[in-house]
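Chemist: Build me a structure from this.
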Amino acid sequence: MKHDHELVSAPDFSLPDFEGKPFTLSEFCARKHVVLVFNRGFA
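Modeler: Model prediction:
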């Protein structure tokens, strides 16, 4: 299986953090790796 690895920047977006403060992906652009976790809630 051939893989073409092309670096593509993620689109910038803003979401509230766990305290309700705005969190923007571009604030972390200087870091090497960013891991995002989207919780679905506790139902």
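Chemist: Give me the neighbour count for Phe28.
Modeler: 12 (other C-beta atoms under 10 Å). C-betas here are computed from N, CA, C, even on glycine.
Chemist: Pull the contacting residues for it.
Modeler: For Phe28, the contacting residues are Val34, by C-beta atoms under 8 Å, 6 or more residues apart in numbering.
Chemist: Please tell me how far it sits from Val34.
Modeler: According to C-beta to C-beta, to the nearest Å, Phe28 stands 5 Å off from Val34.
Chemist: And the contacts of stretch 33-43?
Modeler: Leu25, Phe28.
Chemist: Put the alpha carbons of that stretch into CSV.
Modeler: Extracted in CSV, the C-alpha atoms of stretch 33-43 (Å, rounded to 0.1, in the frame of the first residue of the first chain):
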residue,chain,number,x,y,z
HIS,A,33,2.3,18.2,18.4
VAL,A,34,-1.3,18.9,19.3
VAL,A,35,-3.8,16.2,20.4
LEU,A,36,-7.5,17.1,20.4
VAL,A,37,-10.0,15.1,22.3
PHE,A,38,-13.7,15.6,21.7
ASN,A,39,-15.8,14.1,24.5
ARG,A,40,-19.4,13.2,23.6
GLY,A,41,-20.6,13.7,27.1
PHE,A,42,-21.8,11.5,29.9
ALA,A,43,-25.3,10.2,29.1
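Chemist: mind listing what Pro22 touches?
Modeler: Taking C-beta under 8 Å, 6+ apart, we find Pro22 in contact with Ser14, Leu15, Pro16.
Chemist: Tell me which residues touch the last one, please.
Modeler: Contact criterion C-beta under 8 Å, 6+ apart gives Pro22, Phe23 as the residues in contact with Pro16.
Chemist: If it is in a bridge, with which residues?
Modeler: When assigned by DSSP bridges, Pro16 has beta-bridge partners Pro22.
Chemist: Make 52 the starting number, not 1.
Modeler: Sure, I'll start counting at 52 from here, so that last one is Pro67.
Chemist: Name the nearest of the contacts of Pro73 relative to Phe74.
Modeler: Ranked by distance to Phe74 (C-beta to C-beta), the contacts of Pro73 are led by Leu66 at 5.5 Å.
Chemist: Mind pulling the model confidence for the nearest residue to that closest one once chain neighbours are set aside?
Modeler: Using C-beta to C-beta, 6 or more residues apart in numbering and skipping the chain neighbours, the partner closest in space to Leu66 is Phe74 (5.5 Å). According to the prediction, Phe74 has pLDDT 84.
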